[in-house]
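A.B. asks: how would this look folded up:
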Amino acid sequence: MKDTEKFAGAKYVINASFTVDGVVEKHDVIGAIFGQTEGLFPKEFELRELQKSGKIGRIDITLKSARDKTSGTITAPSSLDRAETAVIAAAMETVDRVGPCESKINIIQIADIRVEKRQQIVKRAKELMRNWVVKEGHEIEKLLNEVQKEDKKVKAVHYGRERLTATPDISRSKEIIVVEGRADVNNLIKTGLTGVIALEGVKVPNTIKTLAKKKTIIAFLDGDRGGDLILQELLQVAKPNYVARAPRGKEVEELTPEEIHEALAKKVPISEMMVSNELSELANELRGTLEAVMLKADGSNAGRIPVSELVDKLKDSEEISVVIFDGIVTGRLIDTAKAKSINTIIGERVAEGIRIPRGLEVRSFRDLN
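C.D. replies: Take a look at the predicted model:
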């Protein structure tokens, strides 16, 4: 039986040797230990009381007698702390008689039973580690395959006379996503999209103009003033079939995959869009009137009303896509527009500190200039 099983619950084991000038039995030795240590300490610290409470375990004696002398060993498990165990061991050494015979007890050592437990833990941990490594060894081919797949992922190339950043399949793709820069292309590649090419500047390259004549073009632009300017340029020289925008104030290169897919899912056919010049003209017309105009997705006018009636009117309206008005864009208006699935709000100016929800474009008259 292992010590960890024999001395279950114990922290230490007192190991001692003894000699007796005479022939005695085990119970004589145990009786002497209990009897001669009694009264040395307060009652709760006496061996009998400590055994009753389980703080000292069963005391084992091994002995043999020869030539009128007896010798042997004593083992006493202890769940006391180190200092208390040492005191009990020292008390045992004071036993100098067993029955009528003189005796001598010597403490050999106080062993920490937890050492064996730690050794068993270390041994088992090594076994677990070996098994783990073996299992990982069997998986190494799978891991290598995963790494190789990563290496085979799409990487951007240079395309056309202007050496524009694009995905390798750009010439084969029937539908092309046109973005602003190299970082945008790389972000869309990470998202798993193909058929992507970058303008790499405000001026539209001839390569993009040529592609626009042969392929379906989706202009995917930043949600800022730069994106507005690029859209105006594209509309003049390489009109896209659809337009998708990053949320207002964000750039395509910083969007998450979820945001990218959401923006592309909401792309608007160019035939349903009001171009910036027309919006700018309408803004100039409304300036100073304290009036609002509501537009449907096809660009048709759904009504012109006082700004004071705008929120209530929107609550009762359907299929409104754009609201442009001579007033301040407030949080209340934004909440109403979001609830009615309105795409764009353009006001004389935008209140500070408001939060613009995803999917809603908010602009000021100044943005249109």
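A.B. asks: Low-confidence stretches in the stretch 151-300 of the chain?
C.D. replies: Low-confidence regions of the stretch 151-300 of the chain, defined by pLDDT under 70, span residues 151-153, 271-274, 276-277, 297-299.
A.B. asks: That one: strands as residue ranges?
C.D. replies: 157-159, 164-166, 175-179, 196-198, 216-221, 242-245, 268-269, 291-296 (DSSP state E, counting those that start in this stretch).
A.B. asks: Check which helices and strands the shortest one is in contact with.
C.D. replies: Right, strand 268-269. strand 242-245 (3 or more C-beta pairs under 8 Å, 6 or more residues apart in numbering; DSSP states H and E). No exception for glycine: its C-beta is placed from N, CA and C like everyone else's.
A.B. asks: Sort out which residues of the strand it packs on are buried, please.
C.D. replies: Taking 16 or more other C-beta atoms under 10 Å as the neighbour-count basis, strand 242-245 is seen to contain the buried residues 242-245.
A.B. asks: a markdown table for those, including distance to residue 359?
C.D. replies: Formatted as a markdown table, the buried residues of strand 242-245 follow (distance: C-beta to C-beta, whole Å):
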| residue | distance to residue 359 |
| --- | --- |
| 242 | 16 |
| 243 | 14 |
| 244 | 12 |
| 245 | 10 |
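A.B. asks: sorry, back to before: mind giving me CSV with the strands of the stretch 151-300 of the chain and columns for distance to residue 38?
C.D. replies: As requested, these are exported to CSV (distance: least, C-beta to C-beta, whole Å):
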stretch, distance to residue 38
strand 157-159, 93
strand 164-166, 93
strand 175-179, 92
strand 196-198, 91
strand 216-221, 92
strand 242-245, 92
strand 268-269, 97
strand 291-296, 101
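A.B. asks: for those strands, which one sits closest to residue 234?
C.D. replies: With C-beta to C-beta as the criterion, residue 234 lies closest to strand 216-221 of the strands of the stretch 151-300 of the chain, at 5.5 Å.
A.B. asks: List the contacts of the residue nearest to residue 268 when sequence neighbours are not counted.
C.D. replies: Once its chain neighbours are removed from consideration, residue 268 has its nearest residue in residue 243; the separation is 5.5 Å (C-beta to C-beta, 6 or more residues apart in numbering). Taking C-beta atoms under 8 Å, 6 or more residues apart in numbering, we find residue 243 in contact with 218-219, 221, 231, 267-268, 270, 273.
A.B. asks: and if we set it to 10 Å?
C.D. replies: Neighbouring residues of residue 243 by C-beta atoms under 10 Å, 6 or more residues apart in numbering: 178, 217-221, 227, 231, 234-235, 266-270, 272-273.
A.B. asks: from those, which would you call buried?
C.D. replies: When burial is judged by neighbour count using 16+ other C-beta under 10 Å, the buried members of these are 178, 217-221, 227, 231, 234-235, 267, 270, 273.
A.B. asks: just the residues you listed now: which is nearest residue 350?
C.D. replies: When the buried ones among the contacts of residue 243 are compared against residue 350 (criterion: C-beta to C-beta), the nearest one is residue 227, at 16.8 Å.
A.B. asks: quick one: the closest one from residue 100, how far?
C.D. replies: Residue 227 sits 108 Å away from residue 100 when distances are taken as C-beta to C-beta, to the nearest Å.
A.B. asks: can I assume residue 109 sits in a helix?
C.D. replies: No: counting by DSSP: H, G, I helix; E, B strand; the rest coil, residue 109 is located in no helix; its state is strand.
A.B. asks: quick one: residue 61 from residue 350, how far?
C.D. replies: Distance check for residue 61 against residue 350: by C-beta to C-beta, it reads 92 Å.
A.B. asks: Likewise for residue 315?
C.D. replies: Per C-beta to C-beta, residue 315 is found 21 Å from residue 350.
A.B. asks: quick one, which of those two is more surrounded?
C.D. replies: Neighbours were counted for residue 315 and for residue 350 using other C-beta atoms under 10 Å; residue 350 has more, 20 against 10.
A.B. asks: how many other residues sit next to the residue nearest to that one when sequence neighbours are not counted?
C.D. replies: With C-beta to C-beta, 6+ apart as the measure, residue 329 is the residue that lies nearest to residue 350, at 4.4 Å, once sequence neighbours are left out. Residue crowding around residue 329 was assessed by other C-beta under 10 Å; the count is 22.
A.B. asks: Thought residue 353 was touching residue 329, still the case?
C.D. replies: No: contact status for residue 329 versus residue 353: not in contact, 11.7 Å apart, counting by C-beta atoms under 10 Å.
A.B. asks: what about the helices in this protein?
C.D. replies: Ranges of helices within the chain are 3-6, 26-37, 47-52, 82-92, 114-151, 182-190, 206-214, 225-237, 257-265, 276-286, 310-315, 331-339, based on DSSP state H.
A.B. asks: I'd like the ones you listed laid out as TSV, including distance to residue 69.
C.D. replies: Shown next, in TSV, are these (distance: least, C-beta to C-beta, whole Å):
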stretch	distance to residue 69
helix 3-6	28
helix 26-37	13
helix 47-52	26
helix 82-92	20
helix 114-151	33
helix 182-190	87
helix 206-214	109
helix 225-237	104
helix 257-265	87
helix 276-286	114
helix 310-315	109
helix 331-339	100
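A.B. asks: Indicate which one of these is closest to residue 251.
C.D. replies: The closest of the helices of the chain to residue 251 is helix 182-190. By C-beta to C-beta, the value is 7.6 Å.
A.B. asks: mind listing what's buried in the closest one?
C.D. replies: So for helix 182-190, counting by 16+ other C-beta under 10 Å, buried means 184-189.
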